[in-house]
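Q: Got a sequence here, can you build the structure:
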Amino acid sequence: MIDFYTWITPNGLKISIALEEFGLDYHTHTVDITKGDQFSPDYVKINPGSKIPAIVDHETGITLTESGAILIYLAEKTGRFMPASGPARLQVIEWLMWQMGGFGPTLGHAHYFLTYNAGEAPFAETLFARETRRLYETLDARLQGRNYLVDDYSIADMAVWPWVSRFQRHKVDLNDFQNVRRWYLGLAARPQVKRGYEVPHFTTTIPVP
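A: Prediction:
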């Protein structure tokens, strides 16, 4: 059994979707970051960085934080959704790192400046709107002629998809990125993605462009 600590954010959704895809038994603990639950003493013992998500795998005794590390761990634990060796494995890690290092942080800033604080910082809005579009263009080019980011469905797709699901907050029209749109809707139709999208609780249905 895996104890899974999460909230309704793209980083949390990566892991809930992955747990569903891997078919692993897990118990969800809601960490409401809007109420400061991430700073509670009990949670800080699990993640001193006071971020979500985190897992405690009672089968292996592993406690792990950072969504990218958790995805790699789950893939290696199960032998699924990431090649064991070779160029394809490196490409999965490459696109996972692309999400972790650029796509996610940039889109997080886009949420902040373009949606939650529109009009407060015009320079930042221009900067992150431009960079957001560039990253969507990069993703669209990668998905040209591809069903997935690498050869097969992988943890890289699981990492990127939840961020794209917030396209409305990025002020992005997915119809401008037809390859991304096709890929996004294809993954959105997966039962595991639908279930994972409702963890730790239902908020809205998956947005459709």
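Q: Please enumerate the strands of this protein.
A: Here the chain has its strands, by DSSP state E, at 2-6, 26-30, 54-57, 62-65.
Q: Only the buried residues of the last one, if you could.
A: Same thing as strand 62-65. Within strand 62-65, the residues scored as buried using 16 or more other Cβ atoms under 10 Å are Leu64, Thr65. C-beta: built from backbone N, CA, C; applies to glycine.
Q: which residues are contacting that strand?
A: With Cβ atoms under 8 Å, 6 or more residues apart in numbering as the test, strand 62-65 has contacts from Ile46, Asn47, Gly49, Lys51, Pro53, Ala54, Ile55, Val56, Asp57, Ile70, Tyr73.
Q: care to break the chain down by domain?
A: Structurally, the chain divides into domains by automatic domain parsing as follows: 2-78, 87-190.
Q: now those domains as a markdown table including distance to Tyr197 and mean pLDDT?
A: Formatted as a markdown table, these follow (distance: least, Cβ to Cβ, whole Å; pLDDT from 0 to 100):
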| stretch | distance to Tyr197 | mean pLDDT |
| --- | --- | --- |
| domain 2-78 | 6 | 97 |
| domain 87-190 | 7 | 95 |
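Q: any chance of these in CSV, with distance to Thr203 too?
A: Conversion of these to CSV gives the following (distance: least, Cβ to Cβ, whole Å):
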stretch, distance to Thr203
domain 2-78, 5
domain 87-190, 11
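Q: Grab the longest helix from this structure for me.
A: Ranked by residue count under DSSP state H, the longest helix found in the chain is helix 122-142.
Q: That helix packs against which elements?
A: helix 104-110, helix 178-188 (3 or more Cβ pairs under 8 Å, 6 or more residues apart in numbering; DSSP states H and E).
Q: okay if I get the ones you listed as TSV plus distance to Leu143?
A: TSV is the format used below for the helices and strands packed on helix 122-142 (distance: least, Cβ to Cβ, whole Å):
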stretch	distance to Leu143
helix 104-110	17
helix 178-188	4
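Q: mind putting the strands of the chain in a markdown table, distance to Ser165 included?
A: Below are the strands of the chain laid out as a markdown table (distance: least, Cβ to Cβ, whole Å):
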| stretch | distance to Ser165 |
| --- | --- |
| strand 2-6 | 15 |
| strand 26-30 | 19 |
| strand 54-57 | 21 |
| strand 62-65 | 22 |
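Q: one step back: buried ones among the contacts of strand 62-65?
A: By 16+ other Cβ under 10 Å, the contacts of strand 62-65 give Ile46, Asn47, Lys51, Pro53, Ala54, Ile55, Val56, Asp57, Ile70, Tyr73 as buried.
Q: Of the strands of the chain, which is nearest Asn179?
A: Judged by Cβ to Cβ, the one of the strands of the chain that comes nearest to Asn179 is strand 2-6, at 29.4 Å.
Q: What pairs with that closest one, parallel or antiparallel?
A: strand 26-30 (parallel), strand 54-57 (antiparallel) (DSSP bridges).
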